[in-house]
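Engineer: Quick one, what's the 3D model for this:
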Amino acid sequence: MTEIDKNLLKEISEEEAKNASAYNIRKNGKCLDRKVSDYINIVPKEDGKGIDVYVKENTLFGIVHIPVIITESGLTDIVYNDFHIGKNANVIIFAGCGVHNDGNKEARHDGIHRFYLAENAKVKYAEKHYGEGNNGKKVLNPVTEIIMQKSSRMDMTSLQLKGVDDTNRITKATLYEGATLIVNEKILTNNTQKAKTTFEVELKGDNSSTKVTSRSVATENSYQEFISKVVGKTKCYGHVSCDAIIKDEGMIKAVPEIFAKDTDANLIHEAAIGKIAGEQLLKLMTLGLSEAEAEKVIIDGFLR
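Structural biologist: Numbering: from 1, shown residues only. As a prediction, the model looks like this:
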């Protein structure tokens, strides 16, 4: 791997990923390296456009790492990754994409991830998206589709904190009896970057639940759009929260929607968009920070 490759992997990887039981590293549309274990198998799709990850029943504390890096200007990489999580398994999955584009053409990655959680399976899923380079556009369009069986749980963290010019992020989930989905999303945009996020969750089984939290900051002339739709079809609980900060000429649009189709569906949505509080800014400036430094501290803390 080149130094650019190593830097991209560093930006999108968590420290825990170094201990991965199985991994698949993809670069510019091709597999760069792969490792499997006795209880986690990774099988490439016949067309080369993705992988199937199989986690055996009762697997405990398995770690899977499936990063994607792109360094070729003009490349559009579309990948379909399917995750089959066995009954009672408990695993951590690290994903994400890093793009380095110094050319004049667009570099784009569309990652479609489909999760199938069996009864009582538990997944911690973390993805990071990062872009660098001074010329061509960096475009990332992650799609996550989730089917959750009885008493399964998934905790999903999604971060986009630098360098992505355009993104359309889609998450769709169907939850059956007793399933729980927790989502935490954090996005920072600047310059003229655009980011659109869509969450659609169907609470189909008794006592299923979801909590979706989005925190976003739009600075300079960037634009963000947050759309959420939670449908409760039975006795269930859903909570959607969007908290956002705008700065300079940044713009953020939030469209939360909840749809109760049962009298026992308990659904809540919240949305708050504002600017950096003046009192908080002044307090930090009295400690010797410049206004720009104080703003950075506040934004970093908000997105932490």
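
Engineer: ok, residue 93 touching residue 59?
Structural biologist: No: between residue 93 and residue 59 there is no contact, the gap being 12.0 Å when judged by C-beta atoms under 8 Å. For every residue, glycine as well, the C-beta is placed using N, CA and C.

Engineer: Residue 128 is in contact with residue 142, correct?
Structural biologist: No: no contact is recorded between residue 142 and residue 128 when judged using C-beta under 8 Å, the distance being 10.4 Å.

Engineer: Overlap in contacts, these two.
Structural biologist: Counting by C-beta atoms under 8 Å, 6 or more residues apart in numbering, the residues touching both residue 142 and residue 128 are residue 158.

Engineer: Residue 93 and residue 59: which has the busier surroundings?
Structural biologist: Neighbour count, other C-beta atoms under 10 Å: between residue 93 and residue 59, residue 93 has more, with 27 against 21.

Engineer: neighbours around residue 291, how many?
Structural biologist: The burial metric for residue 291, expressed as a neighbour count using other C-beta under 10 Å, is 12.

Engineer: so what's it up against?
Structural biologist: For residue 291, counting by C-beta under 8 Å, 6+ apart, the contacting residues are 281, 285.

Engineer: cool, and residue 93?
Structural biologist: When contacts are counted by C-beta under 8 Å, 6+ apart, residue 93 is found next to 53, 63, 64, 65, 66, 83, 123, 124, 125, 126.

Engineer: and what of residue 157?
Structural biologist: Counting by C-beta under 8 Å, 6+ apart, residue 157 touches 125, 126, 127, 183, 184, 185.

Engineer: Give me the distance between it and residue 126.
Structural biologist: 5 Å (C-beta to C-beta, to the nearest Å).

Engineer: What of residue 232?
Structural biologist: As it turns out, when the distance is counted by C-beta to C-beta, residue 232 lies 27 Å from residue 126.

Engineer: Between these two, which is the more surrounded one?
Structural biologist: For residue 232 versus residue 126, the count of surrounding residues by other C-beta under 10 Å is larger for residue 232: 24 against 20.

Engineer: And what about residue 104, helix, strand or coil?
Structural biologist: What DSSP: H, G, I helix; E, B strand; the rest coil gives for residue 104 is coil.

Engineer: Can you get me a residue count around the nearest residue to residue 236 once chain neighbours are set aside?
Structural biologist: Counting by C-beta to C-beta, 6 or more residues apart in numbering, residue 236 lies nearest to residue 203, which is 3.8 Å off, once chain neighbours are set aside. Residue 203 has 30 neighbours, counted by other C-beta under 10 Å.

Engineer: where are the low-confidence patches of the chain?
Structural biologist: Judged by pLDDT under 70, the chain has no weakly predicted residues.

Engineer: quick one: buried residues of the longest helix along it?
Structural biologist: In the chain, ranked by residue count with DSSP state H as the criterion, the top helix is helix 291-303. Of the residues in helix 291-303, 294, 295, 298, 299, 302 count as buried by neighbour count, 16 or more other C-beta atoms under 10 Å.

Engineer: How far off centre is it?
Structural biologist: Helix 291-303 has its average C-alpha position 22 Å from the chain's average C-alpha position, going by C-alpha atoms, centre = their mean, to the nearest Å.

Engineer: Could you do stretch 289-297 as well?
Structural biologist: The gap between the average C-alpha position of stretch 289-297 and the chain average comes to 27 Å, counting by C-alpha atoms, centre = their mean.

Engineer: so what does the helix or strand harbouring residue 215 touch, helix or strand wise?
Structural biologist: Assessed by DSSP states H and E, residue 215 sits inside strand 208-218. Packing contacts for strand 208-218, counted by 3 or more C-beta pairs under 8 Å, 6 or more residues apart in numbering; DSSP states H and E, involve strand 166-175, strand 180-189, strand 194-203, strand 223-232, strand 236-246, strand 251-260, helix 291-303.

Engineer: Dump those to a markdown table, plus distance to residue 147.
Structural biologist: Below are the helices and strands packed on strand 208-218 laid out as a markdown table (distance: least, C-beta to C-beta, whole Å):
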| stretch | distance to residue 147 |
| --- | --- |
| strand 166-175 | 5 |
| strand 180-189 | 11 |
| strand 194-203 | 10 |
| strand 223-232 | 15 |
| strand 236-246 | 16 |
| strand 251-260 | 20 |
| helix 291-303 | 30 |
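
Engineer: what's the closest of the ones you listed to residue 102?
Structural biologist: For the helices and strands packed on strand 208-218, the distance to residue 102 is smallest for strand 166-175, at 17.6 Å, taking C-beta to C-beta.

Engineer: Tell me the strands beside the closest one, with direction?
Structural biologist: Taking DSSP bridges as the criterion, strand 166-175 forms sheet pairs with strand 138-148 (parallel), strand 194-203 (parallel).
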